[in-house]
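Engineer: take a look and give me a structure for this.
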Amino acid sequence: MERVPTRQIPLAGELDTTNQYLFTVLIEAHASPPIGEALKCSGVLIAPRLVLTAGHCVCPPPSAPPAAAVIDNSTCATTAILTATTYLPQERGKSQSATIGQYEGIIHPHPELKLLLDEQGRVTSSHADLAVIILNTPLPEALRPVKLAETEIELHAPLIMVGVGHTNGISADPFGQRRFNRTRVASPPAGQERIFLDPPKQPLFANDSGGACVRETEQGSELIGISNRGLGTESTCTSTYFHRAWLQDELLKTAKAE
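Structural biologist: Presented below is the predicted three-dimensional model:
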């Protein structure tokens, strides 16, 4: 997560030019009244009107390092603008082009969201680092939601992390680029909320926190978790299987409202 990136951050991973991960979007969270710059992160489409992201992407800490801080529902932004990018076939000798769509929605953080940060901004405790954004209008059918995994992922299993990143605060591409990294599960996931990944310190790129951690199957991608590697130095995902009851409830409420 970055408010206004001021340092050069190399983009990591592969560019998703084939639109395999169209369910991954860029999110700008806005407080009311506005306080500073909007928070930018990635998000994941799990229903035509429902986007899932990391809680810390929309609920910033009340204080910045060097002070220890708590992230919970008391500091959350209220609305968000979602940007969905579809890459076009690249012509020889020309830069990659894309079509852009923007949508608005209301932020609902997980009711139990709570993260503790030390004076260096590292996570010492994390629970329910999730939030959903309920869109005012459904996304186009071409932007298909990702399926929630119905089982936990196994130790050492391969995993794909997808996010929308920028090289710096004044990027030539204001909407970033959707990229993905290949990794593996490094901690026993059974009954655990945080999934630790290998290598533990993958290259980061600004704004990729809140993106998808997916398992590839013969039927397509399954959402295993939400990236929160924008906090601290460890590459981790918050398990969506662990929080499946809350997610199913949010999906049901959104479907009833349509």
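Engineer: show me what contacts Asp118?
Structural biologist: If you count contacts by C-beta atoms under 8 Å, 6 or more residues apart in numbering, Asp118 has them with Ala68, Thr124. C-beta: built from backbone N, CA, C; applies to glycine.
Engineer: so that it lines up with my notes, have the first residue be 204 from now on.
Structural biologist: Sure, I'll start numbering at 204, so the last one becomes Asp321.
Engineer: got phi/psi on it?
Structural biologist: Dihedral angles of Asp321 (phi, psi; degrees, to the nearest 10) stand at phi -90, psi -170.
Engineer: residues near Glu355, how many?
Structural biologist: Burial of Glu355, expressed as a neighbour count using other C-beta atoms under 10 Å, amounts to 18.
Engineer: so it sits against Pro392, correct?
Structural biologist: Yes. The pair Glu355 and Pro392 passes the contact test of C-beta atoms under 8 Å, sitting 4.9 Å apart.
Engineer: shared neighbours of the two, which are they?
Structural biologist: Common neighbours of Glu355 and Pro392 (criterion: C-beta under 8 Å, 6+ apart): Ser442.
Engineer: now the helices for this protein?
Structural biologist: Listed from the start of the chain, the chain has helices (DSSP state H) covering 258-261, 447-460.
Engineer: ok, Cys279 - contacts?
Structural biologist: Residues in contact with Cys279 (C-beta under 8 Å, 6+ apart) are Val261, Cys262, Ile310, Pro312, Ala334.
Engineer: try Asp332
Structural biologist: Going by C-beta under 8 Å, 6+ apart, Asp332 touches Ala257, Gly258, His259, His313, Leu316, Leu318, Ile429, Asn431, Thr441.
Engineer: run the last query once more with 6 Å
Structural biologist: The contact partners of Asp332, by C-beta atoms under 6 Å, 6 or more residues apart in numbering, come to Ala257, Gly258, His259, Leu318, Asn431, Thr441.
Engineer: one more: Ala301?
Structural biologist: For Ala301, the contacting residues are Thr288, Tyr290, Leu291, by C-beta under 6 Å, 6+ apart.
Engineer: list the contacts of Leu242.
Structural biologist: Contact analysis of Leu242 by C-beta under 6 Å, 6+ apart lists Ala232.
Engineer: top of the contacts of Asp332 by neighbour count?
Structural biologist: The contacts of Asp332, ranked by neighbours (other C-beta under 10 Å): first place Ala257, 34 neighbours.
Engineer: geometric centre of the protein: which residue is closest?
Structural biologist: Nearest to the mean C-alpha position of the chain, counting by C-alpha atoms, centre = their mean, stands Gly413 at 1.7 Å.
Engineer: which residue sits closest to Arg397, ignoring its sequence neighbours?
Structural biologist: Thr439 (5.1 Å; C-beta to C-beta, 6 or more residues apart in numbering).
Engineer: quickly list what that neighbour is bridged to.
Structural biologist: Thr439 has these beta-bridge partners by DSSP bridges: Phe399.
Engineer: find the nearest non-adjacent residue to Leu248, please.
Structural biologist: Leaving out its chain neighbours, the residue that sits closest to Leu248 by C-beta to C-beta, 6+ apart is Phe226, at 4.2 Å.
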